[in-house]
Structure formats: C-alpha cells, structure tokens
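Asks: 3D, please:
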Amino acid sequence: MTHEEHIWVDNVSEDQIWTVVHENHFPDQNKLSFSIQDLLSVTGNIIDDAANNSVVDNILQQNAPDMTNIYNGKDTFISPLCLLKSISCQREAVLTLAAFALEYGDFWHLAQHYGKLDKLTKSVAILKRVSILIKHEILEKRKAAVTELNNLIMETYHVIGYIFELEHLLQQNNPNDVPTLTTAIKKIPTAVYWTIYSIVACTAEINRLTSDKEEPDNLPKQLSLKINEIHKKLKEDYKRCMKEKAETIKYLWISKELVICENITKVISTLILYNDTEQPVVSRDSNNNKIDGDTFINEVKGKYLLLYISSLKNISKEELLRLTNLYKRIDQEYNCKIVWIPIEGDWTTEAKTKESQFMEWRKMMPWYAVQYFSSPSYMYLKKEWKVRGNSTVVLINPQGKVKNTNALPSIKDASINFFDFLDIKVHTMLKPVVAHITKEDTQLQQSMENKGYTFFIGGKNQKTTSELCNKIIKAKPAIEKELKIQIGLATVTAASETEKTFWAGMENLFFSLAHYSKEYEYEQVTKEVHKLLSYKLHKDDIDGWIMLTKGWTVVTCGQANTIFTTLEEFSFWKQHIIGKEWGHAFTKHHARLITGKKGLSCITFQIAGNAPMHLDCPVCDDPMETKLVKYNCCHPRLQNAAN
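Replies: Below you'll find the predicted structure:
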C-alpha cells in the first residue's frame, strides 16, 4: 500500500463496514482446523515480548550492537516486505494479528541478538531489514515513531482480545441475562474493520521505518485515537457484561431461595440484606438512625411488610402523605411495617446528588429505609414483580408470601380498609365490602353474622332502587312462609358515598379473589363478583342489579328482571331445595334463565387505576400507567346454543 493509497476513511458508514468485514474477514467456523483461542494466546505472547516488554526498549536505549561496520548488504537492496505481509489483509482479525505478529516478533528477536547471529540467520535478518533500523543514526531519528507503533500494536492486540472475550460470552450466555451483550456485539464488525485497518497501517509503517530512505509518515494520526476509543468502549462493555453475568447468577440464587422461603425473615435476609459487595444500609426512622441487619430482622419478624419501592426522582408527596396517615394504624391494627426501598442502581454515580435526594425524602418517612439496594435484588423486583420506574407498593405476609405486587392503587382507593382484604376467606369476604352499610343496621348485621340470606339492591337512581325494593318485598313472603326463614334487604343508593364505597370495596375484593380464583371453593363466588362488576359499567342500561348473599359471602348476582323472574317462579324450582338450603336451587334456576334466553347481553366490566399486572411500553420500555382495565365477553358459545 503506497502512501497515496493509505488514506483515512473515518467517514465510512457502519453498514459499509459490516459488508466489508462480513464478506472478507468472517471465517467459516466449519473449516477452521485450529483453535482461535490457542492462536490468540500464542500471538499475545509474541506481541507482549516484542512490543510490551524490554526487547524494543533495550534496542531503543541503544543497547543493541552497533551495526555500522557489520552490515554488508547493498544499500540498493529493498526487501519486498509489503508483499510478504499482504496475506494479513485477507484474514479475520485474529489471523491478521497472528500473521503480523509472526513477522513483527521475528524482526525484534533478530534485532535483539543480531551481533551474535550466525551467517544464515544474519542473512535472514538482512532480508527483513533488521540491519537498517538498528543503525544508531536511523534508530535515533525513528525512535519516537517506533514507540508510537508499539503502542498502537498493543492497543490493537487488546481490542482483538476483547472481541474474542465478548464473542465467547455470547456463546455461553443468554443476551436476556446479560443485556449489554446485545449492544456490545453490534460493535464488533466495526472493531474488526479498524483492527485490520490498523494492522495494515502498522505493516506499512514498519516498511517505512526499515527503509534507508526518508519517507513521509504513513501512520494516520487519527488511527491511534480511533483504536484507543474502540479499546475503551469494548473494555467497558466487557466489564459491564461480566458484572451483569455475576448479577444474573446471584438473581437466580435469590429466586430459588424465595421460592422455598417460609417466613418474612427469609425474605429480608435474602432479598434486602444479601449483598456480597457493598452492604445495604438500613435505617429505622426519619432521623436516619442506622440499625444492623440482625436488629432489622428481629423487629419485622412475624409481621406484614409493605415495601414502598421508588426511585429518588419519582416519589410523590401525595403518596407519602397517604402512607404516613396509614403508618401508625397499620402497625397497631394489622401488625404491618413499611420499608422504603429507593432503587438507584449504582450509587457511586452522582453520589452527592443522590445522597442529598435520599436525605430530603428520608426526613418525610417515619418508617424503615434500605439504602444501596443490590443490583441482583433489583433484577428480581423487575423480573418477578414487574417493578420499573414508577413507585409501587408490594405487600408480603408474615409467611413470606407476596399478597399484592401493586397495592398502591388499592391503598389510594380504600385507605386502611385495603388491609381488610388480606387473606380473604370465603365465608367472610363481603364483610369489608358492606361494612359501611351494615354498621347502621344492627338487625341486618346480626342476620349476616348468623349466615342469613340478604338481597343487596342497586339501580340507576334512588327512585329505581326504591321500586326494586318494593318488588322484592312483594315477592319474598312466599319463600319466607314456605321455608320459615327471614330474608333481609339492603340498598346501595345510586350516586352516593355508599355506592362509591361499595364499588371500591368490590374492586378490591376482585383483586384479592384473583389469587384464589382457581381454587374450587372460590371459583363460583369469583364469577359472581365478575358479573356484578359488569353492572357498574352498564348501570344506566339496565333496570337495576341485585346481589343475593348468605352471611358474608355471595350466592349469586343478576340483573333485576332475571332475579324477579326467579323469585316469581319459586313454585317451579322449590322441589330442588334440600332442607332449607334454597340458595343453591335459586342460583341454578337463575343461571338457566340467563343462559336460556336469546340475545344474551355481553358481560363487560372495567376498573380504573387498579391493574392485576404491570405492562411496559413496547416502544420505550418504560412502565405504563394504568388508567383503565376492561374485560369483555360476548358469550359466543352460549349465544350459539341459544340460537
């Protein structure tokens, strides 16, 4: 390559680089008859000894023999060095460096021992132009250029080393577990291109340095900067990949441990306190008073934990105020502690700013806080609990089981009543939902405690509700007389605080039941709650809704017209009643009315701000804020059967 041909191509595109490297320098792995790793190891030894150790330094310090009276070659003889080296341009990066190292290491080895060589070896050295460069007057002039060349060779060697290590990591690991691999591997074609470019440039520079003619410098000044930049980036990527790999191993250990944990102390020691590098710092109160891990574990043992998880930038004062109002009550009434986990990843970056932000928020929190939360633990939060950037609250019971991974909306809607929906039991599930209704009616409350039957009635407005109550009052005497039971009535007044509280409670019940919906005893009541929630959405399109309960559990729900029809047809289905258990027979007859009629109405219900799962934006990967959850079903199978 002549000086004119050796031009700088910094403006070449990434696509062009990829094409060149892929077409010319990617070896067929099936045809490789040697180990790339072994070749790189041998090559590294050569480069280290020739360029990085004392050989070149000794020669540059004039320790080599004086060649003035020894060199007998003709000055006009020029070894075809570039032609011998041209093979380097046609191989993938490691092969290229190996071919280069073969000649470069041999050159300096001959130069080091030139005065002691036999005739044959001296002839080889002359062929390689060793005798020209180590002439004192030439070496003195070109000393700086040789040093610069050696530095570039070492940097290029390190670049190839990181290329090899990154490709090895890709073969051994899932990119999902080591995310940086995905971006790092994309840099390799560019790195290979500039590596080969650098070696070719170094070859041309050696040709110039070993010439007895004064020729202009062939080594582009920008090349060293380019190789240094690539080296730095690949090194950073490699370190980050190794860190992510180690964190993934720790994450898998955490996941395994939490699957088999049986108490809250195991969750604390595994998820919060586990860190083999920088230990998390736990503080007890707004004064940031520190406590050790054992003390922390003892103080939360046997309790519920509310983990308030946020970054330092996305905390809401409104959320803090809401949690502060709950703080003392949930500790006293529900044996529950709050722990703030600020998620910041690397606390060493912008350390002063983060510490200042932490202390600013810490003064507003009278509960526990964990500073320097570990990255593997955060990985668990992201993968298992879908925690992202937005603040969230995760509730864990004393047995170490997660009860809710998105409790913040429920706390917002129900405040302290949210905790009434923990560990829902079938026979008491409605107690927190209708407590605001029954507390003013002692007789009704007593009836429900004694597992009596009650109709809860709601409609478009107060007039509708009153009309529905009157119809129930007229229809139920026959049943009460026949079965010798009392049936209670309760109203959910439209457009009132009573109705608002009722629906909020029913939504909280819905999410609590979601944890048990596949268990047999919860299955039917879960379906009835689903059905009831659809009436909230369509309350303006139906005459009204009615919920039949037995004690504190749901028997069935329906639109007013089908419930009335069921009551009116009591004489047809009463023979199916076993003893006084008429609720089951009522439900069966009501279900036949619903599925047997034509033109089945679609069950649809939606819930604002209280999603059963987290979703991330498919474009930017940021967490999506839940505004509305909507459930639709048009009963195609039942519709076809009815037709």
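
Asks: ok, the residue lying closest to Glu155 once chain neighbours are set aside to Ala201 distance?
Replies: Excluding its sequence neighbours, the residue lying closest to Glu155 (Cβ to Cβ, 6 or more residues apart in numbering) is Ile227, at 4.7 Å. No exception for glycine: its C-beta is placed from N, CA and C like everyone else's. Ile227 is 10 Å from Ala201, where distance means Cβ to Cβ, to the nearest Å.

Asks: hmm, back to that, the residue nearest to Glu155 sits in which helix or strand?
Replies: Secondary structure from DSSP states H and E places Ile227 in helix 221-259.

Asks: Could I get the average pLDDT for whichever helix or strand Thr195 is part of?
Replies: Per DSSP H and E: Thr195 is located in helix 188-209. Helix 188-209 comes out with an average pLDDT of 81.

Asks: so what does it touch, helix or strand wise?
Replies: helix 14-24, helix 81-85, helix 93-112, helix 136-172, helix 221-259 (3 or more Cβ pairs under 8 Å, 6 or more residues apart in numbering; DSSP states H and E).

Asks: hmm, 10 Å instead?
Replies: In terms of contacts (3 or more Cβ pairs under 10 Å, 6 or more residues apart in numbering; DSSP states H and E), helix 188-209 is packed against helix 14-24, helix 81-85, helix 93-112, helix 130-133, helix 136-172, helix 221-259.

Asks: what's the angle from that helix to helix 221-259?
Replies: 150 degrees (axes from the mean of the first three to the mean of the last three Cα atoms, to 10 degrees).

Asks: For helix 188-209, list the C-alpha coordinates in PDB.
Replies: In PDB, the C-alpha atoms belonging to helix 188-209 read as follows (Å, rounded to 0.1, in the frame of the first residue of the first chain):
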ATOM      1  CA  ILE A 188     -17.600  -6.000  16.800                       C
ATOM      2  CA  PRO A 189     -17.800  -5.600  13.000                       C
ATOM      3  CA  THR A 190     -16.600  -2.000  13.300                       C
ATOM      4  CA  ALA A 191     -13.900  -3.100  15.700                       C
ATOM      5  CA  VAL A 192     -12.800  -5.900  13.300                       C
ATOM      6  CA  TYR A 193     -12.700  -3.400  10.500                       C
ATOM      7  CA  TRP A 194     -10.500  -0.900  12.300                       C
ATOM      8  CA  THR A 195      -8.300  -3.700  13.700                       C
ATOM      9  CA  ILE A 196      -7.400  -5.000  10.300                       C
ATOM     10  CA  TYR A 197      -7.100  -1.400   9.100                       C
ATOM     11  CA  SER A 198      -4.700  -0.800  12.000                       C
ATOM     12  CA  ILE A 199      -2.600  -3.900  11.300                       C
ATOM     13  CA  VAL A 200      -2.300  -3.000   7.600                       C
ATOM     14  CA  ALA A 201      -1.300   0.500   8.600                       C
ATOM     15  CA  CYS A 202       1.300  -0.900  11.100                       C
ATOM     16  CA  THR A 203       2.700  -3.100   8.300                       C
ATOM     17  CA  ALA A 204       3.100  -0.100   6.100                       C
ATOM     18  CA  GLU A 205       4.800   1.800   8.900                       C
ATOM     19  CA  ILE A 206       7.300  -1.000   9.500                       C
ATOM     20  CA  ASN A 207       8.100  -0.900   5.800                       C
ATOM     21  CA  ARG A 208       8.800   2.800   6.200                       C
ATOM     22  CA  LEU A 209      10.800   2.500   9.400                       C
END
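
Asks: which SS class is Ala478?
Replies: At Ala478, secondary structure determined by DSSP: H, G, I helix; E, B strand; the rest coil is helix.

Asks: Contacts only, for it.
Replies: Going by Cβ atoms under 10 Å, 6 or more residues apart in numbering, Ala478 touches 567-568, 570-571, 574.

Asks: just to revisit the earlier point, where does the residue nearest to Glu155 land on pLDDT?
Replies: Ile227 is given a pLDDT of 90.

Asks: Enumerate every residue touching it.
Replies: Contacts of Ile227 (Cβ under 10 Å, 6+ apart): 151-156, 158-159, 191, 194-195, 197-198, 201.

Asks: Now flag whichever of the residues you listed is closest to Ala494.
Replies: Checking the contacts of Ile227 against Ala494 by Cβ to Cβ gives Ala191 as the nearest, at 69.4 Å.

Asks: Now for that closest one, how many residues are close by?
Replies: Residues lying near Ala191 (other Cβ atoms under 10 Å) number 24.

Asks: my guess is it meets Tyr162, correct?
Replies: Yes: counting by Cβ atoms under 10 Å, Tyr162 is a contact partner of Ala191 at 7.9 Å.

Asks: what do the two both touch?
Replies: Joint contacts of Ala191 and Tyr162 (Cβ under 10 Å, 6+ apart) are 184, 230-231, 233-234.

Asks: I figured Lys386 hits Thr405, correct?
Replies: Yes: applying Cβ under 10 Å, one finds Lys386 in contact with Thr405, separated by 6.8 Å.

Asks: okay, these two: which has more neighbours?
Replies: Between Lys386 and Thr405, Thr405 has the larger neighbour count (other Cβ under 10 Å), namely 20 against 15.

Asks: Using CSV, list the CA coordinates for the helix or strand encompassing Leu307.
Replies: Leu307 belongs to strand 304-310 when assigned by DSSP H and E. Provided in CSV are the C-alpha atoms of strand 304-310 (Å, rounded to 0.1, in the frame of the first residue of the first chain):
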residue,chain,number,x,y,z
TYR,A,304,-46.6,-8.0,57.4
LEU,A,305,-44.3,-5.8,55.2
LEU,A,306,-45.3,-3.0,52.9
LEU,A,307,-42.3,-2.5,50.6
TYR,A,308,-42.6,1.0,49.2
ILE,A,309,-40.4,0.9,46.1
SER,A,310,-39.4,4.0,44.1
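
Asks: so what does the next helix or strand after it touch, helix or strand wise?
Replies: Next helix or strand after strand 304-310 toward the C-terminus (DSSP H and E): helix 317-334. The contact analysis (3+ Cβ pairs under 10 Å, 6+ apart) places helix 317-334 against strand 304-310, strand 336-342, helix 408-414.

Asks: which one of the ones you listed is the most hemmed in?
Replies: strand 304-310 (a mean of 23; mean count of other Cβ atoms under 10 Å).

Asks: what's that strand packed up against?
Replies: So strand 304-310, by 3+ Cβ pairs under 10 Å, 6+ apart, packs with helix 264-267, helix 317-334, strand 336-342, strand 368-371, helix 375-384, strand 392-396, strand 402-404, helix 408-414.
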